[in-house]
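[1] sequence first, predicted model second:
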Amino acid sequence: MSADRTFVIVGAGHAGGRAAQAMRQCGFEGQILLIGEEPHVPYERPPLSKELIVTDAGLEKVRLHEAAWYAENRIDLIAGNGAASIDAAGRRVELADGRALAFDKLMLTTGARVRRLPVPGADLDGVFYLRTLDDSDAIKARISSGTEVAVIGGGFIGLEIAGSAAKLGAKVTVLEAADRMMGRSVAPEVADWFARMHRDRGVDLHLGVTVGALEGTGAVNGVRLSNGSMVPAEVVVIGIGILPNVEIAGAAGLAVDNGIVVDDRGRTSHPDIYAAGDVANQPNAFAGRRLRLESYQNAQDQAAAVARNLCGADEAYEDSLWVWSDQHDVNLQMTGAPEHWDRLVWRGNPDDGPATVFYLADGKIVAVNTLNNGREMRPSQMMMRGGKAFEAEALADTSVKLLKLARG
């Protein structure tokens, strides 16, 4: 592969780091420039809401590689200096410091940013969002036994932080506007079980409430709900979703629609510009529609597949829609993105031990959740991919091995 070509990656998070690694692994000998806004080497994000809150682990635990690895692999990591604009026609990227970098091919792994809560008091001291390593460090520094913590948002990030804060002995309240937690991700019955689980572990959970303001003088001391009631809080963590960082792509003339629009090879509307990770809106054969996936596995696997395509491969990428969340001592794994189902089948009782939940539509599996039962995820995915209908009684029978059902 020509050594005089330059590939630029804009975004030095998990996806960008894995993309650079994959380029070298597939034999690309040219120059690789990896551009990131954060001052750190690329790192994994899932531990930020869990392990890094409750332990003394830091960057050394979550980084993809040590700093020396990038030099050893001839990857020019430009940290703390994000991209300001892209000249797609001229094949140039301008950095925040004014430098301009030429590229032969460009990969955008710009990720996403937190969605801000537009209420009075959101800028008070003690109010946090979680997206970066520095955010995680700042939150951890403020939580100890007895700290009153309010978490706004009952999605994965909010519930993971709630579990971590509870482990540290904090007094935790979760405030969720919807009538159930994890509303976009799991069935109401599964959400109800998780609500009971959180409450059993000391979390005060309020559903169907909205925030009117964060109150305090200089520092936050409480959350004022729209109904007038007050939730005391020394620390407030807001987790109400993320927004894809598409602005630089849109300004460059690339197609954007809930992310940067790409084909199944990761190509954007420009033939030499690609995108991957949280920012990429991609066709997904597994789901049968376009999706923008916000998951560790997609950031890693899609980035590597698209990087190989930059290097000359012609590889369609298909994500199996597998994600997970650790809340307290419960590991939840999910696969599938169903728009509807007509029956839930519980295999085991999560109150007593591991359990698996099958989402069925006309007898076919359209999604699966496992609760402390990750060993059943792989055979469950095999069964879902096979497209066969299954009897609910067989799925519910824990004495029947799923591999036996999968292999039919």
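    On my side now, so go ahead. The structure presented is a predicted model; accordingly, all values stated were derived computationally and were not measured. Numbers count the residues shown, from 1 in each chain.

[2] any idea which element the closest residue in space to Leu101 that isn't next to it in sequence lies in?
    Of all residues not flanking Leu101 in the chain, Val93 sits nearest, at 4.9 Å (C-beta to C-beta, 6 or more residues apart in numbering). Yep, even glycine has a C-beta here, placed from its N, CA and C like the rest. Assigned by DSSP states H and E, Val93 belongs to strand 92-95.

[3] over to Asn298?
    Element membership for Asn298, per DSSP H and E: helix 296-310.

[4] so what secondary structure elements neighbour that helix?
    On a contact count with 3 or more C-beta pairs under 8 Å, 6 or more residues apart in numbering; DSSP states H and E, helix 296-310 meets helix 14-25, strand 105-108, strand 273-275.

[5] would TSV of these with mean pLDDT, mean neighbour count and distance to Gly259 be doable?
    Below are the helices and strands packed on helix 296-310 laid out as TSV (pLDDT from 0 to 100; neighbours: other C-beta atoms under 10 Å; distance: least, C-beta to C-beta, whole Å):
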stretch	mean pLDDT	mean neighbour count	distance to Gly259
helix 14-25	98	25	13
strand 105-108	98	28	10
strand 273-275	98	28	8
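
[6] which of those sits closest to Asp352?
    Closest of the helices and strands packed on helix 296-310 to Asp352 is helix 14-25, at 36.0 Å (criterion: C-beta to C-beta).

[7] ok and the strand or helix carrying Phe7 relative to helix 296-310, angle-wise?
    Using DSSP H and E, Phe7 sits in strand 6-10. Compare the direction of strand 6-10 with that of helix 296-310 by axes from the mean of the first three to the mean of the last three C-alpha atoms, to 10 degrees and you get 160 degrees.

[8] could you list the buried residues of stretch 386-403?
    For stretch 386-403, a neighbour-count test (16 or more other C-beta atoms under 10 Å) marks Phe390, Leu395, Leu402 as buried.

[9] and those, which is closest to Ser185?
    Of all these, Leu395 has the smallest distance to Ser185: 20.7 Å, by C-beta to C-beta.

[10] any idea whether that closest one is helix, strand or coil?
    helix (DSSP: H, G, I helix; E, B strand; the rest coil).

[11] from what I can see it touches Gly348, true?
    No. Assessed by C-beta atoms under 8 Å, Leu395 is found out of contact with Gly348, at 10.8 Å.

[12] returning to that earlier point: okay if I get the buried residues of stretch 386-403 as JSON lines plus distance to Val246 and pLDDT?
    Shown next, in JSON lines, are these (distance: C-beta to C-beta, whole Å; pLDDT from 0 to 100):
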{"residue": "Phe390", "distance to Val246": "40", "pLDDT": "95"}
{"residue": "Leu395", "distance to Val246": "41", "pLDDT": "97"}
{"residue": "Leu402", "distance to Val246": "40", "pLDDT": "94"}
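
[13] any chance of those in JSON lines, plus distance to Ala255?
    Conversion of the buried residues of stretch 386-403 to JSON lines gives the following (distance: C-beta to C-beta, whole Å):
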{"residue": "Phe390", "distance to Ala255": "40"}
{"residue": "Leu395", "distance to Ala255": "41"}
{"residue": "Leu402", "distance to Ala255": "41"}
